[in-house]
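Visitor: Provided below are the primary sequence and the corresponding predicted coordinates.
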Amino acid sequence: MTALVLDIGNTAAKYGCFQDHLLVATGVVTTPAEWASLVLDKGAAQALVASVAAPADEWAAQATMPTVVFRPGSTPVPLHNAYATPQTLGADRLAAAVGAAYLLPGRNVLVVDAGTCLKCDLVTADGTYHGGSIAPGLRMRLQAMHAFTGRLPELPLPTGAAATADALPLMGTDTRSAMLSGALNGAAAELNGVVTEYRTQFPDLAVVLTGGDAAFFESRLKGRTFVVPELVLLGLHHILVHNAA
Ligand SMILES: Nc1ncnc2c1ncn2[C@@H]1O[C@H](COP(=O)(O)OP(=O)(O)O)[C@@H](O)[C@H]1O
Ligand SMILES: CC(C)(COP(=O)(O)O)[C@@H](O)C(=O)NCCC(=O)O
Ligand SMILES: [K+]
């Protein structure tokens, strides 16, 4: 049995294709029509759409399959959600928490999701999602400095060799390297600070890293970190199974 889940973020819409509960393919789609043909091509029997950007209903309506639209606060999830405003909670944050609780049952887990925004989200061993933090993501930091100043250039997010620690010295010696150090080394320092605070409160804490910029933080986060690029997709699939049952 094939099931498809879609995670529409503020930068990219990522899908996961599950065959008999195993993730067999992932990818990106750009339009509702592309999603609809994917559902058709894969012969999906079940589909779920979650969004923190484009209206999920419009994407779901394109598909020929009956599609679950995941709405935090309304859609049942296999976690207790203690967020004070569950209706305004990002679907990707709750899905990542569900994925973390599934991968590490009975553990206190901090999810670090490095996407458009940098999110930290806490799930405790008793299966409760509590909340966390939302901060500007890497590309957003660079774009914001350009947008809100007169003299700072618009810098693309470095990738590959240009994103290694060696290529990003702590002390920038020109405008570009100073901005990159502030935006990127600063983000790493910030996340390390946040993770350290959580580890102090929960000494047995497991830390799971995901999101489009997970590779950047993988080598920079101190302490043991599980890297699970498909965490949100795994969580969305669990939510789909939970609601189909
Ligand atoms: N080629 C790229 N295009 C856009 N963003 C990229 C690219 N490579 C890395 N990124 C980073 O990935 C982030 C998006 O990650 P992702 O987890 O897909 O975000 P979201 O779920 O918010 O859509 C961007 O903010 C950016 O920092
Ligand atoms: C915090 C977010 C903007 C993150 O979006 P993303 O970086 O995944 O594109 C999204 O989860 C969202 O819109 N949340 C709503 C507010 C909340 O979670 O409380
Ligand atoms: K996301």
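Guide: That came in fine, so what should we check first? Ligands and ions are numbered 1, 2, ... in the order given.
Visitor: Would you mind listing what in this protein touches ligand 2?
Guide: Proximity of the chain to ligand 2, by Cβ under 6 Å from any ligand atom, involves residues 9-10, 52, 88-90, 92-93, 115-117, 119, 134. (Glycine included, C-beta is placed from N, CA and C.)
Visitor: out of those residues, which are inside helices?
Guide: Among those, the subset assigned to helices under DSSP state H consists of 92, 93.
Visitor: Looking at the residues of the chain next to ligand 2, which are in strands?
Guide: Among the residues of the chain next to ligand 2, the residues falling in strands (DSSP state E) are 117, 119, 134.
Visitor: Isn't the last one up against residue 119?
Guide: In this case it means residue 134. Yes. Counting by Cβ atoms under 8 Å, residue 134 does reach residue 119; the two are 5.6 Å apart.
Visitor: out of these two, which sits in the more crowded spot?
Guide: Higher neighbour count among residue 134 and residue 119: residue 119, with 21 against 14, using other Cβ atoms under 10 Å.
Visitor: which residues does that one contact?
Guide: With contact set as Cβ atoms under 8 Å, 6 or more residues apart in numbering, residue 119 has these partners: 90, 92, 93, 96, 111, 112, 113, 132, 133, 134, 135, 211.
Visitor: Please name the nearest non-neighbouring residue to it.
Guide: Leaving aside its chain neighbours, residue 119 sits nearest to residue 113 (4.4 Å; criterion: Cβ to Cβ, 6 or more residues apart in numbering).
Visitor: mind checking which helix or strand the one you found is in?
Guide: Assigned by DSSP states H and E, residue 113 belongs to strand 109-114.
Visitor: Identify the bridge partners of residue 27.
Guide: residue 15 (DSSP bridges).
Visitor: begin at 828 from here
Guide: In the new count, where the first residue is 828, that last one comes out as residue 854.
Visitor: Could you check how far it is from residue 862?
Guide: In this view, residue 854 and residue 862 are 11 Å apart by Cβ to Cβ, to the nearest Å.
Visitor: where do the contact lists of the two overlap?
Guide: residue 842.
Visitor: Residue 899 and residue 919 touch, don't they?
Guide: No. Using Cβ under 8 Å, residue 899 makes no contact with residue 919, being 9.6 Å away.
Visitor: quick one: which of these two has more around it?
Guide: Set residue 899 next to residue 919 and count neighbours by other Cβ under 10 Å: residue 919 wins out with 31 against 24.
Visitor: Can you give me the neighbour number for the closest residue to ligand 2 within the chain?
Guide: Nearest residue of the chain to ligand 2 (Cβ to the nearest ligand atom) works out as residue 917 at 2.0 Å. Residue 917 has 22 neighbours, counted by other Cβ under 10 Å.
Visitor: again, but for residue 828
Guide: Using other Cβ under 10 Å, residue 828 is surrounded by 11 other residues.
Visitor: Do you know the pLDDT at the residue nearest to it when sequence neighbours are not counted?
Guide: Distances taken as Cβ to Cβ, 6+ apart place residue 872 nearest to residue 828, at 5.2 Å, with adjacent residues excluded. The predicted local confidence for residue 872 comes out at a pLDDT of 94.
Visitor: Just list the residues touching residue 828, thanks.
Guide: If a contact means Cβ under 8 Å, 6+ apart, then residue 828 has 846, 847, 872, 873 as its contacts.
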